[in-house]
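In: give the three-dimensional model of this entry:
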Amino acid sequence: MSGARVIDAALVVAGGALYTAAFPPHECGLSAWVALVPLLAVVARASPAGAFLAGAAYGATFFTGIVAWVVEAVASYFSTGLAGALAFRTAICVLYVSVYVGIFALAARHLLAGSPWRALVAIPALWVAYELARARLLTGLPWELLGYSQWRQTLLIQVADLGGVYVLSFVVAAVNVGIYLALRRLACSARPAALVRAAAPLAAALALVAATLVYGAITIGRESRRPAGSTAVLALAQGSLPTEWRWERTGAERSLLAYVALSRQAIAASRPDLLVWPEYAVTLYPDRDAVLLPALMPLAHGTAAGLVFGAPRIEGSPPHARYFNSAYHLAPDGTLASYDKLHLVPFAEYRPSALGEAVAAAEADSEFTAGTASTVLPSAAGRLGVLICYEVIFPELTRALVRGGAEVVLNIANDGWLDRAGLGASAQHLSMAVFRAVETRRYVARAASSGISGFIDPLGRPFALLAGGTRGVTTGEIEPRRELTPYTRWGDCFAAACIVLGIGALAPRTRKRGRR
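Out: Got it, this is the predicted structure:
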């Protein structure tokens, strides 16, 4: 391998590492602002095939680093062994990241050969186009997109109420492009005129950051002056129980007793308006188990708004029964309502039909049927929109709930099997839930089986968090809200506009010749 190729490979790996470092558990959000610069430096001088391969390798590097927890989780949940888990991670890297980033890099190469101003606008737009494709195609996997790296920067993330996380991804990508263009110009010449030309695109990108910060400051100021409305106190229970208890009858009963005990303590201590248990807190069938609802009714009676909990639901009888991963709301008057999970996790909750019988579900009862409707559950604590686990990473599901009248968003999750190795899966899950709060200006309450449980206010600020692996209850005050943000109304129009802009910038230019 030539020296130039070694340098290019090192740049690709270094850029991917910078991207990975921006996300939990590393939490170096600043690195995202330069993470694309090494990739741009490589593709600018590469052949078309080389640019594609560099982009594919870059995508594989950063995504492998971010989802390092997948190997242990898959090996344990599916009993595949290390080789099978590594193969699974490789497959999702190729299908959801490498191919898309390779195409992005090929397009960026073309744009970097032309006007720097066109590159400054079109390359971030194409990055957003890639992220939207990853979020929507092949059931979607929008895990830790570039904009999510800034989840702790409250001022910056307020623009998400205009166009979702994609707006912030565009801003961060634009700064990366501006930095690269400035460095490229400086490498060519150090004369004063060249310095001015080098600084201009970067200055434009930094002006975009400044505008984002100003918007954030205005939004936070407006929020601080907002008249206070009615509030409700929610108590979120986190059991941190062994995942092996999930489908064993004795384990199910022990889990139920543990959550009942936690809830009794919460009622005695703070008399919450609503109790919330995580996904699979109950693994009995609420509408078929004679002892379950009588055991839960005293808890519902001890609150103003009842109990929300995760449990399976069954329709029909074996062998033709259909199973659903559901959330239930048990009101104080005994009314039981449910929501069936719409967006199931491929392989873990269902077998993709395209694979036929080639891939079996981990357990017989894990072959779920997807729900058919976005369901808002009325309660005395406000109209509740429930997202089950993985669903919180899909902003369109939250939008549908809020447009349907949800005043509070609940995310019940079972992260116990994801984060056994402590590699950041739970914190990554929380980082994306922060944007659902900002996009819709709703309080988000997250009850996870083993953490991280807690609350996020409409400005994206987490509070009353319960650390992973801790057994206990966290209590927080929330305010049901009804206003609709631009993003709630218009959805991914910004991301769609980026697709149009990026494709338009790639279109061949024709020159008009004047007559002599």
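In: in the chain, what spans have low per-residue confidence?
Out: 1, 189-195, 244-249, 352-366, 417, 419-421, 509-516 (pLDDT under 70).
In: switch the cut-off to 50
Out: Applying pLDDT under 50 to the predicted model, the residue ranges of the chain that meet it are 354-365, 514-516.
In: point to the residue nearest the middle of it.
Out: In the chain, the C-alpha nearest the mean C-alpha coordinate belongs to residue 393, at 3.1 Å (C-alpha atoms, centre = their mean).
In: was I right about residue 483 contacting residue 442?
Out: No: checked against C-beta atoms under 8 Å, the pair residue 483 and residue 442 is beyond contact range at 9.4 Å. Placement of C-beta: from N, CA and C, glycine included.
In: neighbour-wise, which of the two wins?
Out: residue 442 (29 against 11; other C-beta atoms under 10 Å).
In: the more buried one - nearest residue in space that isn't next to it in sequence?
Out: If you skip the residues right next to it in sequence, residue 442 has residue 409 as its closest partner in space, 4.9 Å away by C-beta to C-beta, 6 or more residues apart in numbering.
In: and for the one you found, the neighbour number?
Out: In terms of burial, residue 409 registers 25 neighbours under the definition other C-beta under 10 Å.
In: go on, residue 228?
Out: Counted with other C-beta under 10 Å, the burial measure for residue 228 works out to 6 neighbours.
In: could you do residue 463 as well?
Out: As a measure of burial, residue 463 has 11 neighbours, counting by other C-beta under 10 Å.
In: now the one 5 residues further on
Out: Per other C-beta under 10 Å, the neighbour tally for residue 468 reads 21.
In: now do the contacts for the residue nearest to residue 442.
Out: Each residue near residue 409 by C-beta atoms under 8 Å, 6 or more residues apart in numbering is listed here: 384-387, 398, 401-402, 436-437, 440, 442-445.
In: what do you get for residue 21?
Out: With contact set as C-beta under 8 Å, 6+ apart, residue 21 has these partners: 28, 31.
In: dihedrals phi and psi, it?
Out: Note on residue 21: backbone dihedrals following degrees, to the nearest 10 are phi -70, psi -20.
In: quick check: it vs residue 288, distance?
Out: For residue 21, the distance to residue 288 (C-beta to C-beta, to the nearest Å) stands at 49 Å.
In: give me the domain ranges for the chain.
Out: The record assigns the chain these domain ranges, following automatic domain parsing: 3-224+493-506, 232-479.
In: gap between the two ends of the last one?
Out: This means domain 232-479. Domain 232-479 stretches 6 Å from its first residue to its last (C-alpha to C-alpha, to the nearest Å).
In: and it, how far from the chain's centre?
Out: Domain 232-479 sits 17 Å away from the centroid of its parent chain (C-alpha atoms, centre = their mean, to the nearest Å).
In: identify the residues contacting the closest residue to residue 480 other than its chain neighbours.
Out: Nearest residue to residue 480 in three dimensions, chain neighbours excluded: residue 382, at 3.0 Å (C-beta to C-beta, 6+ apart). Residue 382 makes contact with 232, 407, 408, 478, 480 under the criterion C-beta under 8 Å, 6+ apart.
In: what's the fourth one in contact with, if anything?
Out: Neighbouring residues of residue 478 by C-beta under 8 Å, 6+ apart: 231, 232, 233, 234, 381, 382, 408, 443, 445, 455.
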